[in-house]
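Undergrad: build me a model from this:
(2 chains)
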Amino acid sequence: MALYSEKVMDHFRNPRNLGVIEDADGVGEVGNAKCGDIMKIYLKIENDIIQDVKFETFGCGSAIASSSMATELIKGKPVSEALALTNKAVAEALDGLPPHKMHCSVLAEEAIQKALQDYYEKNGIPYDGCASCGQSGHTCCCGGA
Amino acid sequence: MQIYLDNAATTKVSRTALQAMLPYFEEQYGNPSSLYSFGQQANEALTDARERIARHLHCDPQEITFTSGGSESDNQAILSAARIGARKGKRHIISTAFEHHAVLHTLAKLEKEGFEVTLLDVHEDGVIRPEQVAQSIRPDTCLVTVMFANNEIGTIQPIGEIGRICREAGVLFHTDAVQAVGHLPVDVRELQIDLLSLSAHKFHGPKGIGALYARKGVPLTTLIEGGAQERGRRAGTENVPAIMGMAAALDEACESMQATGEKLTALRDRLIEGLSRIPHCVLNGDVHARLPGNVSFCFEGIEGESLLLLLDDKGICASSGSACTSGSLDPSHVLLAIGRPHEIAHGSLRLTLSGETTQQDVDYTISAVAEVVDYLRGISPVWRDLQTGKLQYVTQ
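TA: Below is the predicted model of the structure:
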């Protein structure tokens, strides 16, 4: 069996939403180079909708694929939906990740949360994490319900 | 198209080795321990293989024990030396920080049993200095184990000088020569080696077979109990076909060693030169004291696994010491041992050549690596930070 699903390989080989947004409304960077994974997410938000999203990733195949899938899952969606995105949803959309690669999906979730936090802070909106359960980052337990 | 550049991981079984094995599956399949002539024919084949392997190492056939490969040989050599030492109250072992895990994990096991282990620094060039060994030997040192050549960065260690120091100090000397045998001349007498591990699949023999050389007078501790095979040093019916394949592969490798070595060195240097043109990269390991077929680089701003996957898409089989490829959180202990920071150790690439590698393969690989590194840097926030001065480059 191959290391990754076809979906992971597709998103790794042909990442969606790759790049930067120069005048982004929110930017989030997570991970560190020492551990070998860094993800950076750029958001363009208008009328509470994620109008555009771009990413840059330093990391393994599943890190790149997770970033790509996460951006696809939130593009064109209301901010509340983006806030509720979980790592599980990212991994599932990729038809699964090997157990030792699940942290890549966690990083993707965290990068989006951080970019949204940045957007909130820039606009003076209080940030209280997941719109559904009120928790932030991968501690969010509501599964995006 | 496939360009196989991972010959330090394993090699293709040579035609000669395969042909040498085949008769022992369907025709000469007797058990070498059986009394009747059909079994004894297999035993004679074993004797012949043992003599040929001994000749290449410059030792006596009785000093060769067949094992399942490099890891088993390393385990048995180290545990045997530790038992010999423990009987005399000597419980100190000297090794290096960049040994293979078959050595390091065996040493860790011994540490739990009360042994003390000194791991020598391997310097940025990946070569230990003999005087480090001399300075570390204590009255209670029972073993020095230093690999002949490193599997990741290809650096060749001063084995002869270490052997001399150990012999003079009366300390047993083991070398994991898995990457060296069949590629470099290995004379256990001249180099004063007491114990040596080798593995057939690193020199175009089959997998699952290797040997342990133990100098006469160095008793081996058995790891596998059972029958009296291998003069009681390793139980289990001998893998006759694999042993015949190993002997044939070693004959072939030693016969062509000089010619292959010269060819590989030229290709290796061409590959090193080509990859060096990629900005902000660094060659791992000394450029001269190096296996003929080993090329190892770190590239800043990228991660090794994604590099390997994209090279795979281009038909190139390579390896990396990144955490993601090692299955752990830390990048290769070898790269950390030579002082590479985590950040750039994650961006490592090892390419190991064989006699089948062509100049065309090398040239294609240079451009493929350059292209993939450039692409991955283009999507890397680390590379952006390096370029904008937010982060400092580690390499030139």
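Undergrad: shaky segments in chain A?
TA: Counting by pLDDT under 70, chain A contains low-confidence ranges at A:1, A:128-145.
Undergrad: strands of that one, start to end?
TA: Assigned strands in chain A, in chain order: A:26-32, A:37-46, A:49-58 (criterion: DSSP state E).
Undergrad: equivalent analysis for the stretch 101-250 of chain B, please.
TA: With strands called from DSSP state E, counting those that start in this stretch, the stretch 101-250 of chain B shows them at B:116-120, B:141-145, B:172-176, B:195-199, B:210-214.
Undergrad: over to the stretch 251-396 of chain B?
TA: B:281-283, B:294-299, B:316-317, B:348-352.
Undergrad: how many residues are close by the closest residue to B:Val144 other than its chain neighbours?
TA: Excluding the flanking residues, the one nearest B:Val144 by Cβ to Cβ, 6 or more residues apart in numbering or on different chains is B:Ile94, at 4.6 Å. Using the backbone N, CA and C atoms, a C-beta is placed for each residue, glycine as well. A total of 26 residues lie near B:Ile94 under the criterion other Cβ atoms under 10 Å in any protein chain shown.
Undergrad: what lines up beside the helix or strand harbouring B:Ile94 in the sheet?
TA: Using DSSP states H and E, B:Ile94 sits in strand B:92-96. Paired neighbours of strand B:92-96 in the sheet (DSSP bridges): strand B:116-120 (parallel), strand B:141-145 (parallel).
Undergrad: list the buried residues in it.
TA: With burial defined by 16 or more other Cβ atoms under 10 Å in any protein chain shown, the residues of strand B:92-96 counted as buried are B:92-96.
Undergrad: just the closest of the residues you listed to chain A, please.
TA: Within those, proximity to chain A (Cβ to the nearest Cβ) peaks at B:Thr96, which comes in at 24.1 Å.
Undergrad: residues in contact with the closest residue to that closest one other than its chain neighbours?
TA: In this structure, B:Thr96 finds its nearest non-sequential neighbour in B:Leu120, 4.8 Å apart by Cβ to Cβ, 6+ apart. Taking Cβ atoms under 8 Å, 6 or more residues apart in numbering or on different chains as the criterion, B:Leu120 is in contact with B:94-97, B:128, B:132-133, B:136, B:146.
Undergrad: and the two most separated of those residues?
TA: Farthest pair in these (Cβ to Cβ) is B:Ala97 and B:Val133. Separation: 13.5 Å.
Undergrad: and those two? Which one has more around it.
TA: Remark: of B:Ala97 and B:Val133, B:Val133 carries more neighbours, 28 against 15, as counted by other Cβ under 10 Å.
Undergrad: how near is the more buried one to A:Ala33?
TA: Counting by Cβ to Cβ, to the nearest Å, the separation of B:Val133 from A:Ala33 is 35 Å.
Undergrad: and what about the closest residue to B:Cys142 other than its chain neighbours, helix, strand or coil?
TA: For B:Cys142, ignoring the flanking residues on the chain, the nearest one in space by Cβ to Cβ, 6+ apart is B:Gly85 at 2.3 Å. Secondary structure assignment for B:Gly85 (DSSP: H, G, I helix; E, B strand; the rest coil): helix.
Undergrad: per-residue pLDDT, B:Gly85?
TA: For B:Gly85, the pLDDT comes out at 98.
Undergrad: so it sits against B:Leu143, correct?
TA: Yes - judged on Cβ atoms under 8 Å, B:Gly85 makes contact with B:Leu143 at a distance of 6.3 Å.
Undergrad: quick one: which of those two has more around it?
TA: Legend: neighbour count by other Cβ under 10 Å for B:Gly85 and B:Leu143, higher for B:Leu143 (28 against 21).
Undergrad: looking at chain B, which helix or strand does the model trust least?
TA: Ranked by mean pLDDT, DSSP states H and E, the helix or strand of chain B with the weakest confidence is helix B:323-326, at a mean of 69.
Undergrad: which ones are touching residue 27?
TA: In the absence of a named chain, this looks at chain A. With contact set as Cβ under 8 Å, 6+ apart, A:Val27 has these partners: A:40-43, A:115, A:118.
Undergrad: tell me which of those is nearest to chain B?
TA: A:Lys40 (4.1 Å).
Undergrad: so that closest one bridges to which residues?
TA: Beta-bridge partners, per DSSP bridges, of A:Lys40: A:Glu29, A:Glu56.
Undergrad: so what's it up against?
TA: Listed by Cβ under 8 Å, 6+ apart, the contact set of A:Lys40 reads A:27-29, A:55-57, A:111, B:381.
Undergrad: swap the cut-off to 6 Å and go again
TA: Going by Cβ atoms under 6 Å, 6 or more residues apart in numbering or on different chains, A:Lys40 touches A:29, A:56, B:381.
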